[in-house]
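> Show me the folded form of this:
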Amino acid sequence: MYILFESASGYALLEAGEASGSGIDFATARADDIASLATDSARVAQITKVKAFAPFASAEHALENASAVSEGLATDFLHAFFVGKS
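Take a look at the predicted model:
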């Protein structure tokens with residue numbers, strides 16, 4: 001399972017690996033279950049690996065992407081990140 005993580009510095013694509021000890025079965029997990037991990041960075045580090053990272057060019061770029069994601073839209077930058085051209 002892959003998880004897109006958006007932060008003020010950029011997008012990260014995380015691969016959820018072996019979930020032993022996480023308390024989450026990624027095969028049947030709901031978005032709420034996965035979101036509960038966001039408050040425990042040590043737990044996230046144990047069960048995920050960073051597969052890709054795309055930094056934002058500026059604060060304005062970060063805001064543009066955050067606004068688009070909150071509206072359910074994908075920017076050209078996000079699309080390029082997914083197809084490996086960022």
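> list the contacts for Glu64?
Neighbouring residues of Glu64 by Cβ atoms under 8 Å, 6 or more residues apart in numbering: Thr75. Every residue, glycine included, has its C-beta placed from N, CA and C.
> roughly how far apart are Glu71 and Glu6?
Distance, Glu71 to Glu6, by Cβ to Cβ, to the nearest Å: 13 Å.
> Show me what secondary structure element comes after the helix ranked longest in the chain.
Criterion DSSP state H: the longest helix present in the chain is helix 59-70. Elements were assigned by DSSP states H and E; along the chain past helix 59-70, the next helix or strand is helix 76-82.
> Check the offset of that next one from the chain's centre.
13 Å (Cα atoms, centre = their mean, to the nearest Å).
> on that earlier part again, show me which parts of the longest helix of the chain are buried, residue by residue.
Within helix 59-70, the residues that count as buried by 16 or more other Cβ atoms under 10 Å are Ala62, Asn65.
> Now that helix - C-alpha only, PDB.
Output in PDB follows, covering the C-alpha atoms of helix 59-70 (Å, rounded to 0.1, in the frame of the first residue of the first chain):
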ATOM      1  CA  ALA A  59       5.900  28.900   0.200                       C
ATOM      2  CA  GLU A  60       3.600  30.000  -2.600                       C
ATOM      3  CA  HIS A  61       4.100  26.700  -4.400                       C
ATOM      4  CA  ALA A  62       3.300  24.800  -1.200                       C
ATOM      5  CA  LEU A  63       0.100  26.900  -0.600                       C
ATOM      6  CA  GLU A  64      -1.000  26.400  -4.200                       C
ATOM      7  CA  ASN A  65      -0.700  22.600  -3.800                       C
ATOM      8  CA  ALA A  66      -2.200  22.500  -0.400                       C
ATOM      9  CA  SER A  67      -5.200  24.500  -1.600                       C
ATOM     10  CA  ALA A  68      -5.700  22.200  -4.600                       C
ATOM     11  CA  VAL A  69      -5.500  19.000  -2.500                       C
ATOM     12  CA  SER A  70      -8.000  20.400   0.000                       C
END
